[in-house]
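A.B. asks: Structure for this input, please:
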Amino acid sequence: MDQAVAARSPTRLATGLHLIGDLYGCTCDHRLMHDASYLENFCKESVAAAGLTAVGSLFHAFGENGGVTGVIVLAESHLSIHTWPESGYVTLDVYVCNYTENNRPKAQKLFNTLQAAFNPSEPRLHRVDRA
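C.D. replies: Numbers count the residues shown, from 1 in each chain. Prediction:
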């Protein structure tokens, strides 16, 4: 890196962790795939159990046999989830910042809880360190 560019780059105080899952072959409670209220409550309980702080949420169901899309805004960043029950597919996204403390273990706990609940036969997981 050019020294002039390096000199202008600020030290990053809020590093983060971004956990991403493409969950295929999910065999789970059908309410997790179809019922926006049920999924929202489950996610909020999981956020609290992981020690993270929900500050708002919005979940939407796509009709009687459709999936659900939802997001929980966290004081630490966010959780987003999208279900395709007709395909047994779920996308899961947990991102936390580490501004005042290391939230990585909490993010991993939340991600693991949600992944286990959907019980995918073929999870494709990604871990991105953000800085």
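A.B. asks: all helices for this protein, in order.
C.D. replies: Secondary structure of the chain (DSSP state H): helices at 3-8, 30-34, 36-49, 104-118.
A.B. asks: quick one: average pLDDT of the shortest one?
C.D. replies: It refers to helix 30-34. Averaging pLDDT along helix 30-34 gives 97.
A.B. asks: So for it, what gets flagged as buried?
C.D. replies: For helix 30-34, a neighbour-count test (16 or more other Cβ atoms under 10 Å) marks 32-34 as buried. Quick note: C-beta positions are derived from backbone N, CA and C, even for glycine.
A.B. asks: and the residue nearest to His60 when sequence neighbours are not counted, what does it touch?
C.D. replies: Sequence neighbours aside, Thr69 is the residue nearest to His60 in space, at 5.5 Å (criterion: Cβ to Cβ, 6 or more residues apart in numbering). Shown in contact with Thr69 (Cβ atoms under 8 Å, 6 or more residues apart in numbering): 59-60, 62, 80-83.
A.B. asks: what's across from Val96 in the sheet?
C.D. replies: Beta bridges link Val96 to Leu17, Ser77, judged by DSSP bridges.
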